[in-house]
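Chemist: Predicted model and sequence below, questions to follow.
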Number of protein chains: 2
Amino acid sequence: MAPELAFEDFAPGRVFDLGTVVVDREEMVAFARRFDPQPFHVDEQAGKESVFGALAASGWFTAGLWMRTYVDAVLTRAAALGSPGGEEIAWPAPVFAGDELRASMEVVEARVSRSRPTMGLVKLRGWMHRGDEVVFRSTFTGMFGTRERVAPS
Amino acid sequence: MAPELAFEDFAPGRVFDLGTVVVDREEMVAFARRFDPQPFHVDEQAGKESVFGALAASGWFTAGLWMRTYVDAVLTRAAALGSPGGEEIAWPAPVFAGDELRASMEVVEARVSRSRPTMGLVKLRGWMHRGDEVVFRSTFTGMFGTRERVAPS
């Protein structure tokens, strides 16, 4: 069965609501212990004394939470071909245990690959919001098969 | 005790060897199951049939491995104040289970904060190499206390 979303479905301006996640304290700290064991990410007291004012999530954990919402809401039904990377990753505000974060994404640009005409390159911007506040933003490129590739006529 | 590395120690051009890591298959897949469960990251056969040619690591896992080397080799002995984000993240080649990756970092630019004169903003570029091949690259900003902040005279 062909995926529901091909390159052509990622039209500039299209917005995807990726749903919400709640930051689990135990998982947040376990992630930091393994990948980013800076004191303010793993120790309550060190967090309180830090610039963040409380135990704060590793930015890479927030990125991972966002990625999961993107996979669940979009990539599982898309002709996804991976990503070469991105041009922006930002953590404008710290994330704390128990925060409810809303994930979203917008299509910024889309073009067919010059070298591989059945593949499209889509510039996407993803966000995590806590209320009105942006806590994570990333602009990156996703590669998707065209309709011709996923469902040849 | 004052940290060994203050803002002044991050001079443009300075290179840090962050050591090597070997990609553990079980951890690589567990990470992908939780944060990036695209078929080519979690299923051997799907990996073989994908653009990567084999089960490939989630790029966020590679980023996490790099981050850990940076924390261990640099941040644990630095007056680190977090990061607002970065301007580049790239995965030029897929990473596979068993790969030995060498992590490194270079200081690109450094300036004292205009609004907070005891804090410096350092533009850093990090890499993961497999042999001569770059598999991860990221350019981001790190914030560090100045000597005056960490060890007032």
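Modeler: Nice, thanks for sending it over.

Chemist: my guess is A:E44 meets A:F52, correct?
Modeler: No. In this structure, A:E44 is not within contact of A:F52 by Cβ atoms under 8 Å, at 11.6 Å. Quick note: C-beta positions are derived from backbone N, CA and C, even for glycine.

Chemist: Show me which of those two is the more surrounded one.
Modeler: With neighbours defined as other Cβ atoms under 10 Å in any protein chain shown, A:E44 and A:F52 compare such that A:F52 has more, 19 against 13.

Chemist: Name the nearest residue to the more buried one, ignoring sequence neighbours.
Modeler: Leaving out its chain neighbours, the residue that sits closest to A:F52 by Cβ to Cβ, 6 or more residues apart in numbering or on different chains is A:P94, at 4.2 Å.

Chemist: Checking that neighbour next. Helix, strand or coil?
Modeler: coil (DSSP: H, G, I helix; E, B strand; the rest coil).

Chemist: Could you tell me how many residues sit around it?
Modeler: There are 22 residues near A:P94, going by other Cβ under 10 Å.

Chemist: My guess is it contacts A:F136. True?
Modeler: No. Look at A:P94 against A:F136 with Cβ under 8 Å: they stay out of range, at 10.6 Å.

Chemist: Need the per-residue pLDDT for the residue nearest to A:F52.
Modeler: pLDDT for A:P94: 97.

Chemist: What of the one 10 residues further on?
Modeler: At A:S104 the predicted local distance difference test score is 98.

Chemist: how about it, secondary structure?
Modeler: Applying three-state DSSP: A:S104 is strand.

Chemist: Helix or strand: which one has the closest residue to it other than its chain neighbours?
Modeler: Among residues not flanking A:S104 along the chain, A:W127 sits closest, at 5.1 Å (Cβ to Cβ, 6+ apart). Here A:W127 sits within strand A:119-130, counting by DSSP states H and E.

Chemist: Direction included, what does that strand pair against?
Modeler: Partners of strand A:119-130 in the sheet, by DSSP bridges, are strand A:100-112 (antiparallel), strand A:133-145 (antiparallel).

Chemist: Would you reformat these as JSON lines and include mean neighbour count?
Modeler: JSON lines is the format used below for these (neighbours: other Cβ atoms under 10 Å in any protein chain shown):
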{"stretch": "strand A:100-112", "mean neighbour count": "17"}
{"stretch": "strand A:133-145", "mean neighbour count": "20"}
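
Chemist: which parts of chain A sit against chain B?
Modeler: By the rule Cβ under 8 Å from any Cβ of the partner chain, the part of chain A lying against chain B is A:34-38, A:40, A:50-52, A:58-60, A:63-65, A:67-68, A:71, A:75, A:80-92, A:94, A:137-138, A:140.

Chemist: what's the longest helix in chain A?
Modeler: In chain A, assigned by DSSP state H, the helix with the most residues is helix A:59-73.

Chemist: angle of that one against strand A:119-130?
Modeler: Comparing the axes of helix A:59-73 and strand A:119-130 via axes from the mean of the first three to the mean of the last three Cα atoms, to 10 degrees yields an angle of 120 degrees.
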